[in-house]
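the following block contains a protein sequence and its predicted model.
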Amino acid sequence: MRAAVIGAGAMGSLAAFLLHSAGVEVVLYESREERRSLLRERGIVLRGAIEGGFAPEVGEAGKAEAPFDLMVLAVDAGQTGGALRPLSPFVHRDTAYLSLQDGFAAAELASLVGAERTLVALAWISAEELPSGEVEVEGIRALKLGCLAEEEGGWLEELSAALGRTCPCGVEAVPDVDAGTWSRLQGAAAVSGVCAVAGMAPLEARADGRLDVLCREAAEECRRSAAAVGVELPVQESPWDEAVWGALRPPMLKRVEAGEATEVAWMSGRIVEKARSTGLPVPVHGAIFTLVREIEGGRHRPGEAAARELERRAEEDRGMSLQ
(Lines give C-alpha, C1' and ligand atoms only; values in the text may rest on other atoms or scores of the structure.)
Protein backbone atom coordinates (compact mmCIF):
# COMPACT_ATOMS: atom_id res chain seq x y z
CA MET A 1 0.00 0.00 0.00
CA ARG A 2 1.23 3.49 -0.87
CA ALA A 3 -0.23 6.31 1.23
CA ALA A 4 -0.10 10.09 1.23
CA VAL A 5 -0.66 11.67 4.64
CA ILE A 6 -1.73 15.28 4.15
CA GLY A 7 -1.04 17.37 7.23
CA ALA A 8 1.90 16.78 9.57
CA GLY A 9 0.44 18.05 12.82
CA ALA A 10 -0.07 15.77 15.80
CA MET A 11 -2.63 13.40 14.26
CA GLY A 12 -1.04 13.34 10.82
CA SER A 13 2.39 12.57 12.28
CA LEU A 14 0.92 9.84 14.48
CA ALA A 15 -0.96 8.30 11.53
CA ALA A 16 2.18 8.41 9.38
CA PHE A 17 4.16 6.66 12.12
CA LEU A 18 1.57 3.91 12.62
CA LEU A 19 1.23 3.29 8.87
CA HIS A 20 5.01 3.25 8.37
CA SER A 21 5.39 0.83 11.29
CA ALA A 22 2.87 -1.46 9.57
CA GLY A 23 4.98 -1.55 6.40
CA VAL A 24 3.02 1.02 4.40
CA GLU A 25 4.98 3.30 2.06
CA VAL A 26 4.21 6.79 3.39
CA VAL A 27 4.78 10.21 1.86
CA LEU A 28 4.00 13.11 4.21
CA TYR A 29 2.73 16.46 2.90
CA GLU A 30 2.70 19.64 4.97
CA SER A 31 1.97 23.25 3.98
CA ARG A 32 4.07 24.88 6.74
CA GLU A 33 7.65 25.38 5.56
CA GLU A 34 9.03 25.43 9.12
CA ARG A 35 7.39 22.10 9.88
CA ARG A 36 8.67 20.59 6.62
CA SER A 37 12.20 21.69 7.51
CA LEU A 38 11.94 20.12 10.97
CA LEU A 39 10.69 16.86 9.48
CA ARG A 40 13.57 16.73 7.02
CA GLU A 41 16.05 17.54 9.78
CA ARG A 42 14.74 15.41 12.68
CA GLY A 43 11.98 13.22 11.28
CA ILE A 44 8.85 12.37 13.24
CA VAL A 45 9.47 11.94 16.98
CA LEU A 46 6.69 10.67 19.26
CA ARG A 47 6.87 10.59 23.02
CA GLY A 48 4.51 9.74 25.85
CA ALA A 49 1.92 7.01 25.38
CA ILE A 50 3.68 6.04 22.14
CA GLU A 51 7.46 6.29 21.86
CA GLY A 52 9.23 6.14 18.52
CA GLY A 53 9.96 7.88 15.29
CA PHE A 54 11.13 7.64 11.72
CA ALA A 55 12.39 9.84 8.91
CA PRO A 56 9.45 10.21 6.50
CA GLU A 57 9.63 11.13 2.87
CA VAL A 58 8.41 14.73 2.80
CA GLY A 59 6.56 15.34 -0.44
CA GLU A 60 6.11 18.53 -2.41
CA ALA A 61 2.64 19.68 -3.32
CA GLY A 62 1.79 18.72 -6.89
CA LYS A 63 4.57 16.14 -7.10
CA ALA A 64 4.65 12.37 -6.60
CA GLU A 65 6.60 9.48 -8.07
CA ALA A 66 3.64 7.12 -8.33
CA PRO A 67 -0.12 7.12 -7.65
CA PHE A 68 -1.35 6.69 -4.08
CA ASP A 69 -3.66 3.89 -2.91
CA LEU A 70 -4.69 5.84 0.19
CA MET A 71 -5.00 9.56 0.90
CA VAL A 72 -5.11 10.41 4.62
CA LEU A 73 -6.63 13.81 5.43
CA ALA A 74 -5.18 15.26 8.64
CA VAL A 75 -5.80 18.92 7.81
CA ASP A 76 -8.31 21.26 9.41
CA ALA A 77 -11.93 20.74 8.53
CA GLY A 78 -12.79 23.16 5.74
CA GLN A 79 -9.40 22.79 4.04
CA THR A 80 -10.14 19.43 2.43
CA GLY A 81 -10.58 20.58 -1.16
CA GLY A 82 -7.51 22.80 -1.14
CA ALA A 83 -5.39 20.05 0.41
CA LEU A 84 -6.45 17.40 -2.12
CA ARG A 85 -6.25 19.51 -5.26
CA PRO A 86 -2.43 19.50 -5.74
CA LEU A 87 -2.35 15.69 -5.40
CA SER A 88 -5.40 14.93 -7.53
CA PRO A 89 -3.28 13.74 -10.52
CA PHE A 90 -1.63 11.10 -8.32
CA VAL A 91 -4.58 8.84 -7.56
CA HIS A 92 -6.18 5.93 -9.38
CA ARG A 93 -9.78 4.75 -9.68
CA ASP A 94 -9.58 2.62 -6.51
CA THR A 95 -7.82 5.16 -4.30
CA ALA A 96 -9.44 5.41 -0.87
CA TYR A 97 -9.61 8.55 1.28
CA LEU A 98 -9.39 8.48 5.08
CA SER A 99 -10.60 11.44 7.14
CA LEU A 100 -8.87 12.04 10.48
CA GLN A 101 -10.83 15.26 10.88
CA ASP A 102 -13.12 16.20 13.76
CA GLY A 103 -16.88 16.09 13.91
CA PHE A 104 -18.86 15.63 10.70
CA ALA A 105 -16.07 16.95 8.45
CA ALA A 106 -15.97 13.70 6.47
CA ALA A 107 -19.16 14.84 4.74
CA GLU A 108 -17.12 17.47 2.88
CA LEU A 109 -14.63 14.82 1.77
CA ALA A 110 -17.44 12.53 0.59
CA SER A 111 -18.93 15.36 -1.49
CA LEU A 112 -15.60 15.59 -3.35
CA VAL A 113 -14.61 11.93 -3.82
CA GLY A 114 -17.82 9.97 -3.19
CA ALA A 115 -19.14 8.32 -0.03
CA GLU A 116 -18.09 4.86 -1.22
CA ARG A 117 -14.42 5.95 -1.22
CA THR A 118 -14.58 7.87 2.06
CA LEU A 119 -13.23 6.12 5.14
CA VAL A 120 -13.58 7.73 8.56
CA ALA A 121 -11.29 7.41 11.57
CA LEU A 122 -12.83 8.15 14.97
CA ALA A 123 -9.90 8.66 17.32
CA TRP A 124 -10.17 8.80 21.08
CA ILE A 125 -6.60 10.12 21.15
CA SER A 126 -4.96 13.09 22.85
CA ALA A 127 -1.84 14.31 21.04
CA GLU A 128 -0.19 17.68 20.51
CA GLU A 129 2.56 18.99 18.27
CA LEU A 130 5.11 20.69 20.52
CA PRO A 131 7.20 23.78 19.65
CA SER A 132 10.25 21.47 19.51
CA GLY A 133 8.62 19.57 16.63
CA GLU A 134 8.06 16.45 18.71
CA VAL A 135 4.56 15.04 19.16
CA GLU A 136 3.38 14.39 22.71
CA VAL A 137 0.84 11.53 22.87
CA GLU A 138 -1.04 11.92 26.14
CA GLY A 139 -3.59 9.14 25.75
CA ILE A 140 -4.74 6.66 23.15
CA ARG A 141 -7.95 4.95 24.21
CA ALA A 142 -9.64 3.85 20.99
CA LEU A 143 -9.34 4.02 17.21
CA LYS A 144 -12.41 3.14 15.17
CA LEU A 145 -12.68 2.94 11.38
CA GLY A 146 -15.70 2.89 9.13
CA CYS A 147 -16.89 3.79 5.63
CA LEU A 148 -19.64 6.26 4.81
CA ALA A 149 -21.12 3.84 2.23
CA GLU A 150 -20.43 0.40 0.83
CA GLU A 151 -16.84 0.77 -0.29
CA GLU A 152 -15.59 -0.10 -3.76
CA GLY A 153 -12.02 -1.26 -3.20
CA GLY A 154 -12.09 -3.20 0.07
CA TRP A 155 -9.61 -0.80 1.67
CA LEU A 156 -11.29 -0.71 5.07
CA GLU A 157 -10.34 -4.28 5.96
CA GLU A 158 -6.76 -3.88 4.75
CA LEU A 159 -6.28 -0.56 6.51
CA SER A 160 -7.81 -1.86 9.75
CA ALA A 161 -5.45 -4.84 9.67
CA ALA A 162 -2.42 -2.62 9.04
CA LEU A 163 -3.20 -0.13 11.79
CA GLY A 164 -4.31 -2.91 14.15
CA ARG A 165 -0.77 -4.30 14.06
CA THR A 166 0.79 -1.08 15.30
CA CYS A 167 -1.83 0.92 17.24
CA PRO A 168 -1.57 0.15 20.98
CA CYS A 169 -5.35 0.15 21.45
CA GLY A 170 -6.05 -1.90 18.31
CA VAL A 171 -8.64 -0.92 15.73
CA GLU A 172 -12.40 -1.36 16.01
CA ALA A 173 -14.78 -1.47 13.05
CA VAL A 174 -17.67 1.01 13.07
CA PRO A 175 -20.66 -0.35 11.15
CA ASP A 176 -22.56 2.93 11.52
CA VAL A 177 -20.24 5.90 11.02
CA ASP A 178 -22.98 8.43 11.79
CA ALA A 179 -23.66 6.88 15.19
CA GLY A 180 -19.93 6.58 15.85
CA THR A 181 -19.41 10.24 15.02
CA TRP A 182 -22.15 11.28 17.43
CA SER A 183 -20.54 9.10 20.11
CA ARG A 184 -17.15 10.79 19.68
CA LEU A 185 -18.76 14.22 19.40
CA GLN A 186 -20.64 13.92 22.70
CA GLY A 187 -17.57 14.53 24.85
CA ALA A 188 -15.18 16.01 22.29
CA ALA A 189 -17.40 18.90 21.16
CA ALA A 190 -18.28 19.84 24.72
CA VAL A 191 -14.72 19.80 26.06
CA SER A 192 -13.03 21.37 23.03
CA GLY A 193 -15.66 24.10 22.75
CA VAL A 194 -15.60 25.07 26.44
CA CYS A 195 -11.80 25.03 26.51
CA ALA A 196 -11.51 27.10 23.33
CA VAL A 197 -13.73 29.80 24.81
CA ALA A 198 -12.16 29.76 28.28
CA GLY A 199 -8.58 29.50 27.00
CA MET A 200 -7.78 26.61 29.33
CA ALA A 201 -6.55 23.05 28.98
CA PRO A 202 -9.17 20.49 30.11
CA LEU A 203 -7.53 19.65 33.47
CA GLU A 204 -7.68 23.32 34.43
CA ALA A 205 -11.13 23.95 33.00
CA ARG A 206 -12.81 20.98 34.68
CA ALA A 207 -11.66 22.29 38.08
CA ASP A 208 -13.74 25.43 37.47
CA GLY A 209 -17.26 24.69 38.69
CA ARG A 210 -18.95 26.97 36.13
CA LEU A 211 -17.12 25.40 33.21
CA ASP A 212 -17.71 21.89 34.51
CA VAL A 213 -21.46 22.51 34.58
CA LEU A 214 -21.43 24.00 31.07
CA CYS A 215 -19.39 21.10 29.69
CA ARG A 216 -21.68 18.47 31.17
CA GLU A 217 -24.75 20.32 29.90
CA ALA A 218 -23.20 20.52 26.42
CA ALA A 219 -22.55 16.76 26.42
CA GLU A 220 -26.17 16.14 27.39
CA GLU A 221 -27.35 18.49 24.62
CA CYS A 222 -25.39 16.41 22.12
CA ARG A 223 -26.90 13.19 23.47
CA ARG A 224 -30.44 14.59 23.13
CA SER A 225 -29.71 15.93 19.65
CA ALA A 226 -28.47 12.50 18.56
CA ALA A 227 -31.58 10.85 20.00
CA ALA A 228 -33.76 13.30 18.08
CA VAL A 229 -32.28 12.01 14.80
CA GLY A 230 -32.47 8.36 15.82
CA VAL A 231 -29.06 7.76 17.41
CA GLU A 232 -29.22 6.58 21.02
CA LEU A 233 -26.14 7.35 23.13
CA PRO A 234 -25.51 6.47 26.77
CA VAL A 235 -25.36 9.25 29.37
CA GLN A 236 -21.70 10.12 29.89
CA GLU A 237 -20.53 10.12 33.48
CA SER A 238 -17.73 12.53 32.59
CA PRO A 239 -17.35 14.17 29.16
CA TRP A 240 -13.91 15.32 30.34
CA ASP A 241 -12.72 11.73 30.60
CA GLU A 242 -14.49 10.65 27.42
CA ALA A 243 -12.81 13.38 25.39
CA VAL A 244 -9.37 11.99 26.45
CA TRP A 245 -7.57 15.37 26.49
CA GLY A 246 -6.21 16.27 29.92
CA ALA A 247 -3.12 18.42 30.29
CA LEU A 248 -2.82 18.77 26.50
CA ARG A 249 -4.87 21.37 24.66
CA PRO A 250 -7.59 20.28 22.22
CA PRO A 251 -6.97 21.33 18.59
CA MET A 252 -9.75 23.94 18.71
CA LEU A 253 -8.07 25.71 21.62
CA LYS A 254 -4.70 25.68 19.85
CA ARG A 255 -6.24 27.19 16.73
CA VAL A 256 -8.03 30.06 18.47
CA GLU A 257 -4.83 30.84 20.37
CA ALA A 258 -3.01 30.99 17.02
CA GLY A 259 -5.71 33.17 15.46
CA GLU A 260 -6.70 30.44 13.00
CA ALA A 261 -10.07 29.13 11.80
CA THR A 262 -11.38 26.17 13.79
CA GLU A 263 -13.49 23.09 13.20
CA VAL A 264 -16.35 24.47 15.35
CA ALA A 265 -18.77 24.44 12.37
CA TRP A 266 -18.32 20.66 12.08
CA MET A 267 -18.74 20.10 15.82
CA SER A 268 -20.97 22.46 17.82
CA GLY A 269 -22.28 23.91 14.57
CA ARG A 270 -23.57 20.54 13.41
CA ILE A 271 -25.13 19.84 16.81
CA VAL A 272 -26.96 23.17 16.64
CA GLU A 273 -28.07 22.49 13.06
CA LYS A 274 -29.45 19.04 13.87
CA ALA A 275 -31.12 20.25 17.06
CA ARG A 276 -32.84 23.18 15.39
CA SER A 277 -34.17 20.93 12.64
CA THR A 278 -36.06 19.02 15.34
CA GLY A 279 -36.96 22.03 17.51
CA LEU A 280 -34.60 20.97 20.32
CA PRO A 281 -32.95 23.74 22.41
CA VAL A 282 -29.15 23.52 22.74
CA PRO A 283 -28.20 26.74 24.56
CA VAL A 284 -24.62 25.80 25.46
CA HIS A 285 -23.61 24.57 22.02
CA GLY A 286 -25.38 27.54 20.46
CA ALA A 287 -23.32 29.87 22.64
CA ILE A 288 -20.10 27.92 21.97
CA PHE A 289 -20.65 28.11 18.22
CA THR A 290 -21.31 31.84 18.08
CA LEU A 291 -18.57 32.73 20.54
CA VAL A 292 -15.87 30.67 18.82
CA ARG A 293 -16.87 32.24 15.52
CA GLU A 294 -16.55 35.67 17.10
CA ILE A 295 -13.15 34.75 18.58
CA GLU A 296 -12.05 33.68 15.08
CA GLY A 297 -13.17 37.08 13.81
CA GLY A 298 -11.29 38.98 16.50
CA ARG A 299 -14.33 40.21 18.43
CA HIS A 300 -13.38 38.24 21.56
CA ARG A 301 -10.30 36.54 22.96
CA PRO A 302 -10.23 33.18 24.78
CA GLY A 303 -10.20 33.76 28.52
CA GLU A 304 -12.22 34.72 31.55
CA ALA A 305 -14.30 37.40 29.84
CA ALA A 306 -15.28 34.99 27.06
CA ALA A 307 -16.09 32.29 29.63
CA ARG A 308 -18.43 34.70 31.43
CA GLU A 309 -20.03 35.59 28.10
CA LEU A 310 -20.53 31.88 27.35
CA GLU A 311 -22.30 31.44 30.67
CA ARG A 312 -24.44 34.55 30.09
CA ARG A 313 -25.51 33.57 26.57
CA ALA A 314 -26.35 30.00 27.57
CA GLU A 315 -28.45 31.27 30.47
CA GLU A 316 -30.21 33.80 28.23
CA ASP A 317 -30.97 31.11 25.66
CA ARG A 318 -32.31 28.79 28.36
CA GLY A 319 -34.73 31.51 29.47
CA MET A 320 -35.90 32.13 25.92
CA SER A 321 -36.46 28.42 25.32
CA LEU A 322 -38.69 28.20 28.40
CA GLN A 323 -41.06 30.94 27.24
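Nice, I can see it.

for this structure, which spans come out with low pLDDT?
Applying pLDDT under 70 to the chain picks out residues 152-153, 320-323.

so where's the longest helix in it?
Assignment by DSSP state H gives helix 177-198 as the longest helix of the chain.

now it, how far from the centre of its chain.
Distance of helix 177-198 from its chain centroid, counting by C-alpha atoms, centre = their mean, to the nearest Å, is 9 Å.

the helices in the stretch 1-150 of the chain, which residues?
Listed in chain order, the helices of the stretch 1-150 of the chain (DSSP state H, counting those that start in this stretch) span 10-21, 33-42, 80-84, 106-113.

and the angle for the first one with helix 33-42?
Calculated by axes from the mean of the first three to the mean of the last three C-alpha atoms, to 10 degrees, helix 10-21 forms an angle of 30 degrees with helix 33-42.

which neighbouring elements make contact with helix 10-21?
strand 2-6, strand 25-29, strand 44-48, strand 52-54, strand 68-73, strand 118-129, strand 135-147, helix 155-166 (3 or more C-beta pairs under 8 Å, 6 or more residues apart in numbering; DSSP states H and E). (C-beta placed from N, C-alpha, C; glycine too.)

could I get these as TSV with distance to residue 280 and mean neighbour count?
Formatted as TSV, the helices and strands packed on helix 10-21 follow (distance: least, C-beta to C-beta, whole Å; neighbours: other C-beta atoms under 10 Å):
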stretch	distance to residue 280	mean neighbour count
strand 2-6	36	24
strand 25-29	40	23
strand 44-48	39	18
strand 52-54	45	15
strand 68-73	30	25
strand 118-129	23	23
strand 135-147	26	20
helix 155-166	33	17
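
residue 246: what's it in contact with?
Taking C-beta atoms under 8 Å, 6 or more residues apart in numbering, we find residue 246 in contact with 126, 138-139, 201-203.

next, format the residues you listed as TSV and append distance to residue 314.
Below are the contacts of residue 246 laid out as TSV (distance: C-beta to C-beta, whole Å):
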residue	distance to residue 314
126	26
138	28
139	28
201	21
202	19
203	22
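
run a quick neighbour tally on residue 49.
A count of nearby residues for residue 49, using other C-beta atoms under 10 Å, gives 16.

identify the residue nearest it in space, chain neighbours excluded?
Of all residues not flanking residue 49 in the chain, residue 137 sits nearest, at 4.3 Å (C-beta to C-beta, 6 or more residues apart in numbering).

if that neighbour is in a bridge, with which residues?
residue 48, residue 127 (DSSP bridges).

which residues does it contact?
When contacts are counted by C-beta under 8 Å, 6+ apart, residue 137 touches 14, 46-50, 125-127.

how about a cut-off of 10 Å?
Counting by C-beta atoms under 10 Å, 6 or more residues apart in numbering, residue 137 touches 10, 13-14, 17, 46-52, 125-128, 168, 248.

surely residue 13 and residue 58 touch.
No. Residue 13 lies out of contact with residue 58 (C-beta atoms under 10 Å); the separation is 11.5 Å.

neighbour count: the two, which is higher?
Neighbour count, other C-beta under 10 Å: between residue 13 and residue 58, residue 13 has more, with 29 against 17.

the stretch 151-300 of the chain: strands as residue ranges?
According to DSSP state E, counting those that start in this stretch, the stretch 151-300 of the chain carries its strands in the segments 172-173.
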